[in-house]
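*Asks:* Requesting a structural model of the entry that follows:
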Amino acid sequence: MRIHAHARNALWFGPGSGRRPIHRFDDPTGRFRVCYLGTTLEVCFAETFLRNPPVRILALDDLAARSVATVELRRELRVVPIHGSSLARLGVTAELASGSDYAVSQLWSRALWEHGDQPDGILYPSRHDDSALCVAVYDRAKDGLAIVRDPSLAEDPQQLARLLRRYGLGLTN
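*Replies:* Here you go, the predicted structure:
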């Protein structure tokens, strides 16, 4: 799944042309692009709206300007797990997926992208809700993804209320 602005493609791979890398697994030299997905709606919500803690109140207009894309896999994606026992195999700590030094994560992403096995992306725990996993998908795997639903986030008030309760958030106009 992915929460995105209505104006942006649900399967947006960034950073945009000529833009510097700003997200955890973006390529530091711009040779490849990354689309960030979540394995649950909750983790997508946390990664989108809880990035700059503490967050206590969200604007209804901001929520209404977003869509929730459900992504279907058209083929099996080969992803490198950066959690659990895989940390030892890679010789890293969980800081790679949760630390604040994105330069190190970006260099690891670059090394994985260049690896001869050509993985399609990285599977890692969310920094903002570590109860679920996220996926950084490299643009070479975009043919393996398809959007099957893309409704407005505000379309389902019960779902939105459940998300706000889960994270103890208020709502304002």
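*Asks:* Mind jotting down where the helices sit in this protein?
*Replies:* Secondary structure of the chain (DSSP state H): helices located at 41-49, 60-64, 86-90, 95-98, 102-114, 157-166.
*Asks:* Tell me which of those sits most buried.
*Replies:* Mean neighbours per residue, mean count of other CB atoms under 10 Å, is largest over the helices of the chain for helix 41-49, with a mean of 22. In this view, the C-beta of every residue, glycine as well, is placed from N, C-alpha and C.
*Asks:* got the angle for it vs helix 157-166?
*Replies:* 70 degrees (axes from the mean of the first three to the mean of the last three CA atoms, to 10 degrees).
*Asks:* Give the rounded mean pLDDT of helix 41-49.
*Replies:* Here helix 41-49 scores 97 as its mean pLDDT.
*Asks:* Need the contact partners of it.
*Replies:* Residues outside helix 41-49 that contact it (CB atoms under 8 Å, 6 or more residues apart in numbering): 1-3, 36-38, 55, 58, 62, 66, 68, 126-129, 131-134, 159, 163, 166-167, 169.
*Asks:* didn't Met1 look like it was pressed against Tyr36?
*Replies:* No. Judged on CB atoms under 8 Å, Met1 makes no contact with Tyr36 at a distance of 10.7 Å.
*Asks:* ok, the two, which is more surrounded?
*Replies:* In this view Met1 and Tyr36 are compared by other CB atoms under 10 Å, and Tyr36 has more residues nearby, 22 against 18.
*Asks:* what's the neighbour count on the nearest residue to Ala136 once chain neighbours are set aside?
*Replies:* Distances taken as CB to CB, 6 or more residues apart in numbering place Phe25 nearest to Ala136, at 4.0 Å, with adjacent residues excluded. By other CB under 10 Å, the residues close to Phe25 number 27.
*Asks:* Filter the contacts of helix 41-49 down to the buried ones.
*Replies:* 1-3, 36-38, 58, 66, 68, 126-129, 132-134, 163, 167 (16 or more other CB atoms under 10 Å).
*Asks:* Among those residues, which lie within strands?
*Replies:* If you go by DSSP state E, those have Arg2, Ile3, Tyr36, Leu37, Gly38, Leu58, Arg66, Val68, Leu133, Cys134 in strands.
*Asks:* Find the pair from those with maximum spatial separation.
*Replies:* Among those, the pair separated by the greatest distance (CB to CB) is Leu58 and Leu133, at 23.4 Å.
*Asks:* which residues does the residue positioned nearest the centre of the chain contact?
*Replies:* In the chain, the residue lying closest to the centroid (CA atoms, centre = their mean) is Tyr36, at 3.2 Å. Contacts for Tyr36 (CB under 8 Å, 6+ apart) come out as Arg2, His23, Phe25, Glu47, Cys134, Val135, Ala136, Val137.
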